[in-house]
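Student: coords below, sequence missing:
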(Lines give C-alpha, C1' and ligand atoms only; values in the text may rest on other atoms or scores of the structure.)
Protein backbone atom coordinates (compact mmCIF):
# COMPACT_ATOMS: atom_id res chain seq x y z
CA UNK A 1 0.00 0.00 0.00
CA UNK A 2 1.06 3.63 0.31
CA UNK A 3 3.11 4.93 3.19
CA UNK A 4 2.44 8.34 4.81
CA UNK A 5 5.38 9.94 3.01
CA UNK A 6 4.01 8.95 -0.40
CA UNK A 7 0.56 10.25 0.51
CA UNK A 8 2.09 13.53 1.65
CA UNK A 9 4.06 13.82 -1.59
CA UNK A 10 0.93 13.10 -3.61
CA UNK A 11 -0.99 15.80 -1.71
CA UNK A 12 1.82 18.28 -2.30
CA UNK A 13 1.87 17.43 -5.98
CA UNK A 14 -1.89 17.81 -6.32
CA UNK A 15 -1.84 21.17 -4.53
CA UNK A 16 1.05 22.38 -6.68
CA UNK A 17 -0.74 21.24 -9.84
CA UNK A 18 -3.91 23.05 -8.79
CA UNK A 19 -2.02 26.27 -8.06
CA UNK A 20 -0.06 25.97 -11.29
CA UNK A 21 -3.13 25.36 -13.42
CA UNK A 22 -4.93 28.23 -11.70
CA UNK A 23 -2.00 30.58 -12.34
CA UNK A 24 -1.74 29.41 -15.96
CA UNK A 25 -5.45 30.00 -16.53
CA UNK A 26 -5.22 33.51 -15.07
CA UNK A 27 -2.17 34.32 -17.20
CA UNK A 28 -3.85 33.05 -20.35
CA UNK A 29 -7.03 35.01 -19.64
CA UNK A 30 -5.07 38.19 -18.98
CA UNK A 31 -3.05 37.73 -22.16
CA UNK A 32 -6.18 37.04 -24.18
CA UNK A 33 -7.86 40.13 -22.78
CA UNK A 34 -4.79 42.20 -23.63
CA UNK A 35 -4.79 40.88 -27.20
CA UNK A 36 -8.50 41.63 -27.58
CA UNK A 37 -7.91 45.18 -26.31
CA UNK A 38 -5.04 45.59 -28.76
CA UNK A 39 -7.19 44.32 -31.62
CA UNK A 40 -10.06 46.66 -30.72
CA UNK A 41 -7.72 49.64 -30.50
CA UNK A 42 -6.23 48.67 -33.86
CA UNK A 43 -9.65 48.45 -35.50
CA UNK A 44 -10.71 51.82 -34.03
CA UNK A 45 -7.49 53.42 -35.25
CA UNK A 46 -7.87 51.87 -38.69
CA UNK A 47 -11.42 53.17 -39.05
CA UNK A 48 -10.45 56.66 -37.91
CA UNK A 49 -7.45 56.67 -40.24
CA UNK A 50 -9.56 55.51 -43.18
CA UNK A 51 -12.06 58.28 -42.55
CA UNK A 52 -9.34 60.92 -42.40
CA UNK A 53 -7.61 59.49 -45.47
CA UNK A 54 -10.79 59.45 -47.55
CA UNK A 55 -11.56 63.05 -46.57
CA UNK A 56 -8.04 64.07 -47.53
CA UNK A 57 -8.31 62.23 -50.87
CA UNK A 58 -11.56 63.99 -51.67
CA UNK A 59 -9.98 67.38 -51.10
CA UNK A 60 -7.03 66.81 -53.45
CA UNK A 61 -6.78 68.90 -56.58
CA UNK A 62 -3.37 67.98 -57.97
CA UNK A 63 -1.95 64.52 -58.85
CA UNK A 64 1.31 65.48 -57.13
CA UNK A 65 -0.63 65.99 -53.90
CA UNK A 66 -2.01 62.46 -54.28
CA UNK A 67 1.51 61.00 -54.44
CA UNK A 68 2.61 62.99 -51.41
CA UNK A 69 -0.46 61.98 -49.44
CA UNK A 70 -0.18 58.29 -50.26
CA UNK A 71 3.51 58.30 -49.33
CA UNK A 72 2.74 59.90 -45.98
CA UNK A 73 -0.15 57.49 -45.35
CA UNK A 74 2.02 54.51 -46.25
CA UNK A 75 4.68 55.58 -43.77
CA UNK A 76 2.07 56.05 -41.05
CA UNK A 77 0.61 52.61 -41.78
CA UNK A 78 4.07 51.07 -41.59
CA UNK A 79 4.72 52.79 -38.24
CA UNK A 80 1.37 51.56 -36.88
CA UNK A 81 2.15 48.01 -38.02
CA UNK A 82 5.52 48.12 -36.24
CA UNK A 83 3.90 49.44 -33.07
CA UNK A 84 1.28 46.69 -33.25
CA UNK A 85 4.01 44.07 -33.62
CA UNK A 86 5.90 45.42 -30.62
CA UNK A 87 2.77 45.46 -28.48
CA UNK A 88 1.77 41.93 -29.52
CA UNK A 89 5.31 40.68 -28.82
CA UNK A 90 5.18 42.34 -25.39
CA UNK A 91 1.92 40.57 -24.59
CA UNK A 92 3.34 37.23 -25.75
CA UNK A 93 6.51 37.76 -23.75
CA UNK A 94 4.53 38.61 -20.63
CA UNK A 95 2.38 35.52 -21.08
CA UNK A 96 5.43 33.33 -21.50
CA UNK A 97 7.01 34.75 -18.35
CA UNK A 98 3.80 34.22 -16.37
CA UNK A 99 3.49 30.64 -17.58
CA UNK A 100 7.13 29.92 -16.77
CA UNK A 101 6.61 31.15 -13.22
CA UNK A 102 3.45 29.05 -12.92
CA UNK A 103 5.15 25.76 -13.81
CA UNK A 104 8.31 26.22 -11.71
CA UNK A 105 6.83 24.61 -8.57
CA UNK A 106 5.73 21.59 -10.59
CA UNK A 107 9.15 21.14 -12.09
CA UNK A 108 10.71 21.10 -8.64
CA UNK A 109 8.20 18.57 -7.32
CA UNK A 110 8.57 16.28 -10.31
CA UNK A 111 12.34 16.53 -10.05
CA UNK A 112 12.21 15.54 -6.36
CA UNK A 113 9.87 12.63 -7.06
CA UNK A 114 11.96 11.21 -9.88
CA UNK A 115 15.17 11.37 -7.82
CA UNK A 116 13.79 9.00 -5.19
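Tutor: Happy to help now that I have it. None of these values were measured; they are calculated from a predicted model.
Student: C-terminal to the longest helix along the chain, what's the next element?
Tutor: Looking across the chain with DSSP state H, the single longest helix is helix 4-58. Helices and strands here follow DSSP states H and E; after helix 4-58, the next one along the chain is helix 63-115.
Student: so how far is that next one from its chain's centroid?
Tutor: Between the centre of helix 63-115 and the centre of its chain there are 6 Å (Cα atoms, centre = their mean, to the nearest Å).
Student: Check which helices and strands it sits against.
Tutor: helix 4-58 (3 or more Cβ pairs under 8 Å, 6 or more residues apart in numbering; DSSP states H and E). (C-beta placed from N, C-alpha, C; glycine too.)
Student: what's the neighbour count on residue 98?
Tutor: Number of residues near residue 98 (other Cβ atoms under 10 Å) recorded here: 16.
Student: sorry, that was for residue 4
Tutor: Residue 4: 7 neighbours (other Cβ under 10 Å).
Student: repeat for residue 70
Tutor: The tally of other residues near residue 70 (other Cβ under 10 Å) stands at 13.
Student: pLDDT score assigned to it?
Tutor: pLDDT for residue 70: 91.
Student: ok so, going back, ok and the longest helix of the chain relative to helix 63-115, angle-wise?
Tutor: Angular relation of helix 4-58 and helix 63-115 on a 0 to 180 degree scale: 180 degrees, by axes from the mean of the first three to the mean of the last three Cα atoms, to 10 degrees.
Student: What helices and strands are in contact with helix 4-58?
Tutor: helix 63-115.
Student: Next, the buried residues of stretch 21-41.
Tutor: 23-24, 27, 31, 34 (16 or more other Cβ atoms under 10 Å).
Student: Oh, that last question was meant for stretch 59-78, not what I typed.
Tutor: So for stretch 59-78, counting by 16+ other Cβ under 10 Å, buried means residue 73.
Student: any low-confidence regions in this protein?
Tutor: By pLDDT under 70, the weakly predicted segments of the chain are 108-116.
Student: okay, which residue is most central for it?
Tutor: residue 91 (3.1 Å; Cα atoms, centre = their mean).
Student: Please look at that residue and residue 32 and confirm they touch.
Tutor: No: if you go by Cβ atoms under 8 Å, residue 91 and residue 32 don't touch, sitting 9.2 Å apart.
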